[in-house]
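Trainee: here you go, sequence then predicted model.
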Amino acid sequence: MADYSSLDIRQKSASTETPPAIRRQQEVAKLIDVSKCIGCKACQSACEEWNDLRDDVGINVGVYDNPHDLTAKSWTLMRFTEYENAETNNLEWLIRKDGCMHCTDPGCLKACPSPGAIVQYSNGIVDFVEDHCIGCGYCVKGCPFNIPRISKTDNKAYKCTLCSDRVAVGQAPACAKACPTGSIMFGTKEAMIEQANDRVVDLKSRGFDKAGLYDPAGVGGTHVMYVLHHADKPQLYAGLPNDPKISPLVAFWKGGAKVMGLATMGFAALAGFFHYVTAGPNEVEAEEEEEAIDMKERGARRRDGGEIRPS
Amino acid sequence: MTIHTDVRDGEPHPPLREVKAETPEIMYVPRYSGLQRVNHWVTAILFTLLALSGLAMFTPYLFSLTGLFGGGAATRAIHPWFGVALVVSFALLFLKFWRLNIPNKDDVAWSMKIGDVVTNREDRLPELGKYNAGQKGVFWGQTVLIGVMFVSGLMIWEQYFYEYTTIETQRWALLAHSLAAIGAIAIIVVHIYAGIWVRGTGRAMMRGNVTGGWAYRHHRKWLRQITGDKPAAGAKPVEKHGP
């Protein structure tokens, strides 16, 4: 969204400068308790409302997901999965509110080539600063959760901001405020983990042995976390990654390849320079000019001298 | 009586001939036509623009290069179009020169003596046709790398082609595109340096010709072919090049 002067920046895309950080801000987190979600989509409405977005009216293809996918104008989306649990013989309706996870180690920020187009505030929120966005789509490749979308209108990347503008002034995100069942909670990350642990104990007592908190370590933990009844199988929830981490391709491209690339190009130039100062230029000698003229004359004589050559 | 002030007006007048007689005689051998030079330089200019705009998006240290193209978003928008133009321009070069760049036995012999090549011991090298193995390496290297960059570039052209490949494929494409670009830039650095190091080469692409001595020194088989001279006794026959 934008820069908020009351939010310090911890990391900035494509930047080697130390971002300002005079404040000590607590890490915040949104906890989504999937076991309490009723799929009402109030969060989606609240998100559109607060961020003043109106997505295009789509087509119903017979599933509850509406819209079908995240878009530049739909930053959060309820994804519905019908799961037949073989152990209990129950049909479980798993509804996961999808959107940016606000990773501690954000792949989008790592991939972004434009200084300051993606920032991570010291409270953990990862935010896109569209003003600096160049629309290359690198963040899309960097993200392990497939969240950012590039708008066809302005060629800029958009995603959930965790309502950084609301959080900056001490408010909870719009979705958390709108949730009628308290499935979406917001607070310090510490408090949210504590809350999640209570919920996990409760779920386990109700027969969900594998209930647990989804705060994947592969991306350094996230600032949007889930309480899952089947934490051992996150992929059940509309393909939530089991062990998300920044793709090794992206990590190499933005790490080793960058250093190696600059070194290779620099080495080529230096090698040339030092070759020149040692071996020196390769110059044509005067005798060679004469040899060439002799050769031309020999050739001319051969042509004129009655030798049979195809014309 | 007409006084000629320019050789192009007619017969060179006596004083000019006298001056010429004092300087050593040099013959010039045509190497590239005007169209070929234009084709080469259009490609070179596009390559430079692509390298500058591409490096800007490759590393934050060089992001300021986007200023040359009107900012980050403008750089992102124009870079692929430069690429499309370069592919067209390079394709014309390719069609014109691929036959002359087919490797042959002389290239193996030349490559084995790379130590003599870099120490300017031309006298120990085999006679060569229009191109040596280094020049052929530049040609085929650029052909392959430009091909890789074109295909991977289409995959990561977010504005028009984002939906045709998976994100995982695009990650591979980004890496391939970057590595190919590094290779291509390194090759071009060597290509430019070779033009500085081997004196007399520049005029081939600027003026279209080289001196006879240059051709004799570096591409004697080619010169023999042009002058209609036969190779010295014992040497291999002149190779027929191109149409």
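Mentor: Okay, I see it.
Trainee: can you pull out the strands in the stretch 51-200 of chain A?
Mentor: Per DSSP state E, counting those that start in this stretch, the stretch 51-200 of chain A carries strands over the ranges A:77-85, A:90-98, A:118-121, A:126-128, A:149-150, A:157-158, A:184-188.
Trainee: for the residue in the stretch 151-300 of chain A that chain B sits nearest to, which non-adjacent residue is closest in space?
Mentor: Nearest residue of the stretch 151-300 of chain A to chain B (Cβ to the nearest Cβ) works out as A:Ala292 at 2.8 Å. In short, each C-beta sits where N, CA and C put it, glycine included. Nearest residue to A:Ala292 in three dimensions, chain neighbours excluded: B:Gly212, at 2.8 Å (Cβ to Cβ, 6 or more residues apart in numbering or on different chains).
Trainee: swap in B:Glu127?
Mentor: For B:Glu127, the closest residue by Cβ to Cβ, 6+ apart turns out to be B:Arg220, at 4.1 Å.
Trainee: what number of residues lie near the one you found?
Mentor: Other residues near B:Arg220 come to 25 when the count uses other Cβ atoms under 10 Å in any protein chain shown.
Trainee: before we move on, the earlier item: you'd agree the residue nearest to A:Ala292 is up against B:Met27?
Mentor: Yes. Here B:Gly212 reaches B:Met27: they are 4.0 Å apart, a contact under Cβ atoms under 8 Å.
Trainee: mutual contacts of those two, please.
Mentor: Residues touching both B:Gly212 and B:Met27 (Cβ atoms under 8 Å, 6 or more residues apart in numbering or on different chains) are A:289, A:292-293, A:296.
Trainee: going by distance to B:Gly183, which of these wins?
Mentor: A:Ala292 (36.0 Å; Cβ to Cβ).
Trainee: surely that closest one is in a strand?
Mentor: No. With DSSP: H, G, I helix; E, B strand; the rest coil as the criterion, A:Ala292 is located in helix rather than a strand.
Trainee: quick one: average pLDDT of stretch A:21-39?
Mentor: Averaged across stretch A:21-39, the pLDDT comes to 90.
Trainee: give the buried residues for that stretch.
Mentor: Taking 16 or more other Cβ atoms under 10 Å in any protein chain shown as the basis for neighbour counts, the residues of stretch A:21-39 that come out buried are A:25, A:27-35, A:37.
Trainee: now the end-to-end length of that stretch.
Mentor: Distances were taken as Cα to Cα, to the nearest Å; on that basis the terminal residues of stretch A:21-39 are 39 Å apart.
Trainee: same thing with stretch A:103-119?
Mentor: In stretch A:103-119, first residue to last residue: 12 Å (Cα to Cα).
Trainee: how about that stretch and chain B, touching?
Mentor: Yes. Using Cβ under 8 Å from any Cβ of the partner chain as the criterion, contacts between stretch A:103-119 and chain B involve A:113-115, A:117.
Trainee: reformat these as a markdown table; add pLDDT and neighbour count.
Mentor: A markdown table is the format used below for the residues of stretch A:103-119 next to chain B (pLDDT from 0 to 100; neighbours: other Cβ atoms under 10 Å in any protein chain shown):
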| residue | pLDDT | neighbour count |
| --- | --- | --- |
| A:Pro113 | 96 | 23 |
| A:Ser114 | 96 | 28 |
| A:Pro115 | 94 | 18 |
| A:Ala117 | 96 | 28 |
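Trainee: about what we covered before: I'd like the shared contacts of B:Gly212 and B:Met27 as CSV, with neighbour count and pLDDT appended.
Mentor: As requested, the shared contacts of B:Gly212 and B:Met27 are exported to CSV (neighbours: other Cβ atoms under 10 Å in any protein chain shown; pLDDT from 0 to 100):
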residue, neighbour count, pLDDT
A:Glu289, 21, 93
A:Ala292, 28, 92
A:Ile293, 18, 92
A:Lys296, 19, 90
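Trainee: among the residues you listed, which one lies nearest to A:Glu92?
Mentor: The shortest gap between A:Glu92 and any of the shared contacts of B:Gly212 and B:Met27 belongs to A:Ala292, at 87.1 Å (Cβ to Cβ).
Trainee: can you pull the pLDDT of the residue of chain B found nearest chain A?
Mentor: Nearest residue of chain B to chain A, counting by Cβ to the nearest Cβ: B:Gly212, 2.8 Å away. In this model, B:Gly212 is scored at 94, pLDDT.
Trainee: next, count neighbours for it.
Mentor: B:Gly212 is flanked by 26 other residues according to other Cβ under 10 Å.
Trainee: can you check A:Phe267 too?
Mentor: A count of neighbours around A:Phe267, defined by other Cβ under 10 Å, yields 12.
Trainee: so the residue of the stretch 151-300 of chain A closest to chain B makes contact with B:His219?
Mentor: No. Under the criterion of Cβ under 8 Å, A:Ala292 makes no contact with B:His219, lying 10.9 Å away.
Trainee: if we can go back for a sec, the residue nearest to B:Glu127 contacts B:Leu128, doesn't it?
Mentor: Yes. Shown here, B:Arg220 and B:Leu128 form a contact pair, counting by Cβ under 8 Å, at 6.7 Å.
Trainee: where is the longest helix in the chain?
Mentor: I'll assume chain A. Looking only at chain A and at elements set by DSSP state H, the helix with the highest residue count is helix A:256-279.
Trainee: not quite, I wanted chain B
Mentor: Longest helix in chain B, counting by DSSP H: helix B:167-197.
Trainee: which helices and strands sit right next to the helix or strand following that one?
Mentor: Using DSSP states H and E, the helix or strand that directly follows helix B:167-197 along the chain is helix B:202-206. Other helices and strands packing on helix B:202-206, by 3 or more Cβ pairs under 8 Å, 6 or more residues apart in numbering or on different chains; DSSP states H and E, are helix B:34-58, helix B:167-197, strand B:209-211.
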